[in-house]
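> sequence and computational prediction follow.
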Amino acid sequence: MNRPIIFALPGSEALLQALCTALDAEPGALEHRQFPDGETYLRIESDVADRHVVLLSSLDRPDAKLLPLLFAADTLRELGALKLGLVAPYLAYMRQDVRFHPGEAVTSRTFAALLSRHLDWMVTVDPHLHRYHALAEIYRIPTQVVHAAPLLAAWIKRNVARPLIIGPDMESEQWVAQVAADADAPFLVCEKVRSGDREVTISIPNASAFLDRQAVLVDDIASSGRTLAVAARQLASMGFAPPDCVVVHPLFAGDAAQVLGGYVGRIVSTNTIVHTSNDIDMMPVIAEAVRNAP
Ligand code: R5P
């Protein structure tokens, strides 16, 4: 790959310099604004002819980001970009992976089909793979998944004495087990039942044997914050100190911060989504994956 040029889409500007440095890439310039009627104006200012181009767009709050991303992708192609890849540190629309109720849109499939039509490859961090086992089931372009577990474990090892790693639900078991192994700590997995967007119940079996340890809740996504808050309340009722929370994708939507306040200790996240809790830098490992892009 010749020296790539990276364009940050709205919302991901704060990640651009770190990725350029990690990849020895050139930052691209684009202008983006809304017309008074809400339509998007977008202009590529850098020369991209015969260049490898990377679009950097973390796809939290995706609906407003998708059109600018597609406009940028098509424009870059028209301007002569050789190859066009997407770094989406957070990949949206992975949780609607099945029609839970009659008539529901399986949005993961439509979203994947759209991106696949406009890009040559994609790199992302720990997509929420539950009923899909691999992105290739819905993405028709080469994709690479970067894993945060080793970096989460390293943070825990550096910052928590005698940790007990806790995964919030059965789905989290495989990668929570990996974090725990890397952090030389025991782990537990909760039983979670979700009955609504903001309603979950959680039980934590066999936790009392670990009361002398610092609980660390590890989750791939914190969205409404209810999963972490309910688990933290549960731990408090068992006699644990407020747990630390280590999260890959800090969506923290709506009133999540207030809901968590008082129940948890430190909240730490990776920078797949720009947030005040970011303390784990994913850009070097993302850069490594981009180097291997087709
Ligand atoms: C669910 O399967 C994920 O691993 C997270 O536990 C979930 O998305 C968290 O959502 P919330 O913060 O809204 O409870």
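Ah, there it is. Numbers count the residues shown, from 1 in each chain.

> list the buried residues for stretch 250-260?
For stretch 250-260, burial by neighbour count (16 or more other CB atoms under 10 Å) applies to 250, 251, 252, 256, 259, 260. Glycine gets a C-beta too; all of them are placed from N, C-alpha and C.

> got phi/psi on the fourth one?
In this entry, residue 256 is assigned phi and psi values of phi -50, psi -40 (degrees, to the nearest 10).

> the residue nearest to it when sequence neighbours are not counted and residue 85: what is the separation?
Of all residues not flanking residue 256 in the chain, residue 225 sits nearest, at 3.1 Å (CB to CB, 6 or more residues apart in numbering). Distance, residue 225 to residue 85, using CB to CB, to the nearest Å: 32 Å.

> pretty sure the residue nearest to residue 256 sits against residue 252.
Yes. Here residue 225 lies in contact with residue 252, judged by CB atoms under 8 Å, at a distance of 6.3 Å.

> which strands or helices does the biggest strand by length in the chain pack on?
For the chain, the strand with the greatest residue count under DSSP state E is strand 214-222. Applying 3 or more CB pairs under 8 Å, 6 or more residues apart in numbering; DSSP states H and E, we find strand 214-222 packed against strand 163-167, helix 173-182, helix 226-237, strand 244-250.

> repeat that with 7 Å
Using 3 or more CB pairs under 7 Å, 6 or more residues apart in numbering; DSSP states H and E, the elements in contact with strand 214-222 are strand 163-167, helix 226-237, strand 244-250.

> would you turn those into JSON lines with mean pLDDT and distance to the ligand?
Below are the helices and strands packed on strand 214-222 laid out as JSON lines (pLDDT from 0 to 100; distance: least, CB to the nearest ligand atom, whole Å):
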{"stretch": "strand 163-167", "mean pLDDT": "97", "distance to the ligand": "9"}
{"stretch": "helix 226-237", "mean pLDDT": "95", "distance to the ligand": "3"}
{"stretch": "strand 244-250", "mean pLDDT": "97", "distance to the ligand": "9"}
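
> which one of the ones you listed lies nearest to residue 18?
Closest of those to residue 18 is strand 244-250, at 16.4 Å (criterion: CB to CB).

> does the ligand sit close to the helix or strand immediately after that closest one in the chain?
Using DSSP states H and E, the helix or strand that directly follows strand 244-250 along the chain is helix 256-260. No. For helix 256-260 and the ligand, the contact criterion (CB under 6 Å from any ligand atom) is not met; the two come no nearer than 6.6 Å.

> what do you get for stretch 113-125?
No. Taking CB under 6 Å from any ligand atom as the criterion, stretch 113-125 and the ligand are apart, separated by no less than 13.9 Å.

> make sure residue 149 is actually in contact with residue 175.
Yes. Counting by CB atoms under 7 Å, residue 149 does reach residue 175; the two are 5.2 Å apart.

> sorry, back to before: out of the buried residues of stretch 250-260, which is nearest to residue 272?
The nearest member of these to residue 272, counting by CB to CB, is residue 250 at 7.9 Å.

> could I get the contacting residues of that closest one?
Taking CB atoms under 7 Å, 6 or more residues apart in numbering, we find residue 250 in contact with 222, 269, 273, 275, 277.

> the ligand: which of those residues is nearest?
Relative to the ligand, the closest of those is residue 222; by CB to the nearest ligand atom it sits at 4.7 Å.

> circling back to that earlier point, make CSV from the buried residues of stretch 250-260 and add distance to residue 63 to it.
Formatted as CSV, those follow (distance: CB to CB, whole Å):
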residue, distance to residue 63
250, 19
251, 14
252, 18
256, 19
259, 23
260, 25
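
> need the max-distance pair from those.
250 and 259 (13.9 Å).

> for the residue nearest to residue 142 when sequence neighbours are not counted, what are its contacts?
Spatial nearest neighbour of residue 142, chain neighbours left out: residue 121 (4.7 Å); criterion: CB to CB, 6+ apart. Residues in contact with residue 121 (CB under 7 Å, 6+ apart) are 85, 141, 142, 143, 293, 294.

> who has more neighbours, residue 149 and residue 175?
residue 149 (21 against 18; other CB atoms under 10 Å).

> ok, that one to the ligand distance?
Residue 149 sits 14 Å away from the ligand, taking CB to the nearest ligand atom, to the nearest Å as the criterion.

> got it, and residue 41?
Residue 41 sits 34 Å away from the ligand, going by CB to the nearest ligand atom.

> quick one, grab the pLDDT at that residue.
Per-residue pLDDT puts residue 41 at 98.

> and it, which helix or strand is it part of?
Using DSSP H and E, the element containing residue 41 is strand 40-44.

> which positions in the stretch 101-250 of the chain make contact with the ligand?
Taking CB under 6 Å from any ligand atom, the part of the stretch 101-250 of the chain that reaches the ligand is made up of 168-169, 171-172, 200, 219-227.
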